[in-house]
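> Give me a model of this one.
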Amino acid sequence: MSVSLAQAAVPKHQGRRLPLRVGTRGSPLALVQTRHFVDVIGTFCPVLKMPFMGDVPVFQEHVIRTTGDAEQSRRLAEIGGKGLFAKEIHEAMLDRRIDFAVHSLKDLETAMPPGIVLACTLAREDARDALILGPACAAGDPADPLACLPAGGVIGTSSVRRQAQLLHQRPDLKIALLRGNVQTRLERTERGDFAASLLALAGLKRLGFAERAGLVLDPETMVPAACQGIVGVTVREADTELRELLSGIEDLGARAVSTAERSMLAFLDGSCRTPIGGHARFLPDGRLHLTGLVAREDGSFLLKRSVVGAPEDGARMGAELGAELRADSPADLFA
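Model (predicted):
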């Protein structure tokens, strides 16, 4: 990074002042992801690695409580679904209370509010879902991962995507609402409130809880949420200096897979109650493999398709796969 660009990122450029303010949710996982972003950008631009410039901090966390964090007693689908973990953060950015915002990309809408852009994506952590096994479960078998769940067992989740895929394979299971941060979900499952629950393996790894995963589910067995495991950073569209800075830490692989997954998601544009999964990965020959899934909440209908293409064609692949899934699904699924 050039000295001039480093200077552009700090206070004396066009009236910008330190600290650079980073917006984030307040969960332990969100804070870990935000601090990882600060570390990555500091490694890329050493002038930003310093905790202070003079007696002023270079970065300052701004914890923002979102609607999704405030309402824990209902499913996200019942209180609006899309954007519930970003609305207040977007507002803070447009009001110039923050300069960057760090998001779990799976929680971010496919269409940004006017004036805000997704400036970069960081390297993807493991995208798979993990089963957290309670005391009522048998030993897990990776060859048949759902066999360890007791007949009629109560599975804790707030995700209609996970619910639909579980019930499609195991209609005997019962689903109960489980929300809260990662630690809360682990504790409630491990003390037996639920036979099992599901969490993103990425979150477990980032928090140092990877060993708490009873079984890791293949992404073709349990298709992940689109962009699961990817951290995205947003800024104001007009903030060209910060956009240039962030382009330097863009992970091109994460951008390619997220573009394909978000393109599919945007084309489907299901209601917040529509179970949708999307997972893109690179094949050994360098091509991009994209899997998409749509289903009913009760698992009575599930459609899964895949396409393969060049990484630079991710947006087109996602749109075409989304169109195919939509055309071959009952119309009421997207009402």
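> Okay, now the unreliable bits of the stretch 151-300 of the chain?
Counting by pLDDT under 70, the stretch 151-300 of the chain contains low-confidence residues at 270-272.
> Which stretches in it count as strands?
154-156, 174-176, 196-200, 215-216, 231-236, 276-282, 288-295 (DSSP state E, counting those that start in this stretch).
> could the ones you listed go into a markdown table alongside mean neighbour count?
Bear in mind the C-beta positions are built from the backbone N, C-alpha and C, glycine included. Shown next, in a markdown table, are the strands of the stretch 151-300 of the chain (neighbours: other Cβ atoms under 10 Å):
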| stretch | mean neighbour count |
| --- | --- |
| strand 154-156 | 22 |
| strand 174-176 | 15 |
| strand 196-200 | 25 |
| strand 215-216 | 20 |
| strand 231-236 | 24 |
| strand 276-282 | 24 |
| strand 288-295 | 24 |
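> okay, the ones you listed in TSV with distance to residue 309 next?
TSV is the format used below for those (distance: least, Cβ to Cβ, whole Å):
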stretch	distance to residue 309
strand 154-156	35
strand 174-176	35
strand 196-200	26
strand 215-216	27
strand 231-236	23
strand 276-282	10
strand 288-295	6
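> Out of those strands, flag the one nearest residue 139.
Nearest to residue 139 among the strands of the stretch 151-300 of the chain is strand 215-216 (9.7 Å), distances taken as Cβ to Cβ.
> could you say what helices and strands that closest one packs with?
Other helices and strands packing on strand 215-216, by 3 or more Cβ pairs under 8 Å, 6 or more residues apart in numbering; DSSP states H and E, are strand 129-133.
> Run the angle between the strand it packs on and strand 276-282 for me.
Inter-element angle recorded for strand 129-133 and strand 276-282: 120 degrees (by axes from the mean of the first three to the mean of the last three Cα atoms, to 10 degrees).
> What's the mean pLDDT across strand 129-133?
Across strand 129-133, pLDDT averages out at 96.
> And stretch 38-57, by the same measure?
Averaging pLDDT along stretch 38-57 gives 82.
> what comes up buried for it?
The neighbour-count check on stretch 38-57 (16 or more other Cβ atoms under 10 Å) flags 38, 40, 41, 42, 45, 48 as buried.
> Compute the first-to-last residue distance for that stretch.
Stretch 38-57 stretches 12 Å from its first residue to its last (Cα to Cα, to the nearest Å).
> now do stretch 90-103
11 Å.
> circling back to that earlier point, and the furthest pair within the buried residues of stretch 38-57?
Most distant of those, by Cβ to Cβ, are 38 and 45, 11.0 Å apart.
> From residue 159, how far out is residue 276?
For residue 276, the distance to residue 159 equals 11 Å [Cβ to Cβ, to the nearest Å].
> Report the set of residues contacting both of these two.
Counting by Cβ atoms under 8 Å, 6 or more residues apart in numbering, the contacts common to residue 276 and residue 159 are residue 225.
> what residue lies at the spatial centre of this structure?
residue 106 (2.8 Å; Cα atoms, centre = their mean).
> Buried residues in stretch 95-104, which are they?
98, 99, 100, 101, 102, 103, 104.
> any chance of those residues in JSON lines, plus distance to residue 254 and secondary structure?
Shown next, in JSON lines, are the buried residues of stretch 95-104 (distance: Cβ to Cβ, whole Å; DSSP: H, G, I helix; E, B strand; the rest coil):
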{"residue": "98", "distance to residue 254": "22", "secondary structure": "coil"}
{"residue": "99", "distance to residue 254": "22", "secondary structure": "coil"}
{"residue": "100", "distance to residue 254": "17", "secondary structure": "strand"}
{"residue": "101", "distance to residue 254": "17", "secondary structure": "strand"}
{"residue": "102", "distance to residue 254": "14", "secondary structure": "strand"}
{"residue": "103", "distance to residue 254": "13", "secondary structure": "strand"}
{"residue": "104", "distance to residue 254": "13", "secondary structure": "strand"}
